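>>> No letters, just coordinates:
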């Protein structure tokens, strides 16, 4: 009887080599860890605040800045330092709010080009400022602040409501389209009013440039609570942005309430960016460029991006304000102009260098 040869033993599977770092599934490398990024951003805030108190029409030595708070003597140099404190605080609050709001908008809309103006925040605030000046003759800074805040809230409510009422719901595409529609309508109305009302045009032009010097102590005190509430909401919903960045279906599969998360993020954007616009006018590129820079430092985790964007935005805006003071000495070049000149090239460089870090 012939015996059949035994079947060869199955060979063990060859070991699988790890994917190279450049493969699509590899975790992107970032230059800084979370701790180092926090230290770097906080150090940038301290340096920017020190420069803001030191530089201006009158350059004050650092020891005089220190003495102005610890040993005030009423000297001219110390008076110059104390006069810059409201501007410095405004820059920190406004820059932090715009940076945090931009990170929220980009995560919620899954759009790398999203900024706080995507839902019509700036245009709505500007429209209500113009209406307040034209219809009621309001010129006081505090009245303009409340007009801008109300206009930002109404514009975002209209834009988000229109997007949510569309057949597909509030998706990234419908949010962008609704925001563009609100912006177009508000801009058209503003242009029509300014053409026929010269006095309103004269008053509106300065606010439109974006300035840190227009906010008063009273307005900072009254609106500080809105910024604090917006920051709390932003940090609270930052973790859910990681799931939303994967798509609505995946987020729902992970147990995330997509609608409630978007509404919370929108409310935070209204409080942060509406208040910032009310305090300093429409300032561009902070909310657009700063979150991209933070992603290059720590990666795509929104639990770190949102709070660090606040620190980075505050430092960036204050440094732009200092540059405006130096370039226009003894006058001041408004910070909204400087952020546009500096922010656009920086944003282009960041986009060209973005490789593995995504939204």
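Great, that's in hand. What you see is a predicted model, and the numbers here were worked out from it, not measured in a lab.
>>> I figured residue 146 hits residue 275, correct?
No: using Cβ atoms under 8 Å, residue 146 makes no contact with residue 275, being 10.5 Å away. Where you see a C-beta, it was placed from the backbone N, CA and C, and this is true even at glycine.
>>> So which of those two has more stuff around it?
Remark: of residue 146 and residue 275, residue 275 carries more neighbours, 29 against 18, as counted by other Cβ atoms under 10 Å.
>>> Look up how far residue 98 lies from the more buried one.
Distance, residue 275 to residue 98, by Cβ to Cβ, to the nearest Å: 10 Å.
>>> before we move on, what about residue 255?
Applying Cβ to Cβ, the value for residue 255 to residue 98 is 31 Å.
>>> So which of those two has more stuff around it?
Taking other Cβ under 10 Å, residue 255 and residue 98 do not tie; residue 98 has more neighbours (32 against 8).
>>> Contacts only, for that one.
116, 272, 273, 276, 283, 286, 287, 290, 313, 317 (Cβ atoms under 8 Å, 6 or more residues apart in numbering).
>>> Which of those residues sits closest to residue 191?
Lowest distance from residue 191 to the contacts of residue 98 (Cβ to Cβ) belongs to residue 283, with 20.5 Å.
>>> So that closest one is in contact with residue 336, correct?
Yes: between residue 283 and residue 336 a contact is recorded at 4.8 Å, counting by Cβ under 8 Å.
>>> ok, the two, which is more surrounded?
Neighbour count, other Cβ under 10 Å: between residue 283 and residue 336, residue 283 has more, with 30 against 24.
>>> Provide the secondary structure category for that one.
Look at residue 283: counting by DSSP: H, G, I helix; E, B strand; the rest coil, its state is coil.
>>> Check residue 255 too.
Going by three-state DSSP: residue 255 is coil.
>>> Do you know the pLDDT at residue 18?
pLDDT recorded at residue 18 is 39.
>>> Between residue 283 and residue 336, which contacts overlap?
With Cβ under 8 Å, 6+ apart as the test, residue 283 and residue 336 both reach residue 210.
>>> Could you tell me how far residue 186 is located from residue 305?
29 Å.
>>> Who has more neighbours out of those two?
Neighbour comparison, residue 186 and residue 305: the larger count goes to residue 305, with 30 against 23 (by other Cβ under 10 Å).
>>> Isn't that one up against residue 103?
Yes: between residue 305 and residue 103 there is a contact under Cβ under 8 Å: 5.1 Å.
>>> Any stretches of the stretch 151-300 of the chain with poor pLDDT?
Along the stretch 151-300 of the chain, no part satisfies pLDDT under 70.
>>> Show me where it has its helices.
172-196, 198-209, 217-244, 248-253, 258-269, 275-280, 286-298 (DSSP state H, counting those that start in this stretch).
>>> deepest of the ones you listed, which one?
Mean neighbour count (mean count of other Cβ atoms under 10 Å) peaks for helix 275-280 among the helices of the stretch 151-300 of the chain, with a mean of 31.
>>> That one packs against which elements?
Other elements packing on helix 275-280 under the criterion 3 or more Cβ pairs under 8 Å, 6 or more residues apart in numbering; DSSP states H and E are helix 85-109, helix 121-136, helix 141-164, helix 217-244.
>>> Apply 10 Å and report the result again.
Judged by 3 or more Cβ pairs under 10 Å, 6 or more residues apart in numbering; DSSP states H and E, helix 275-280 is in contact with helix 85-109, helix 121-136, helix 141-164, helix 198-209, helix 217-244, helix 302-327.
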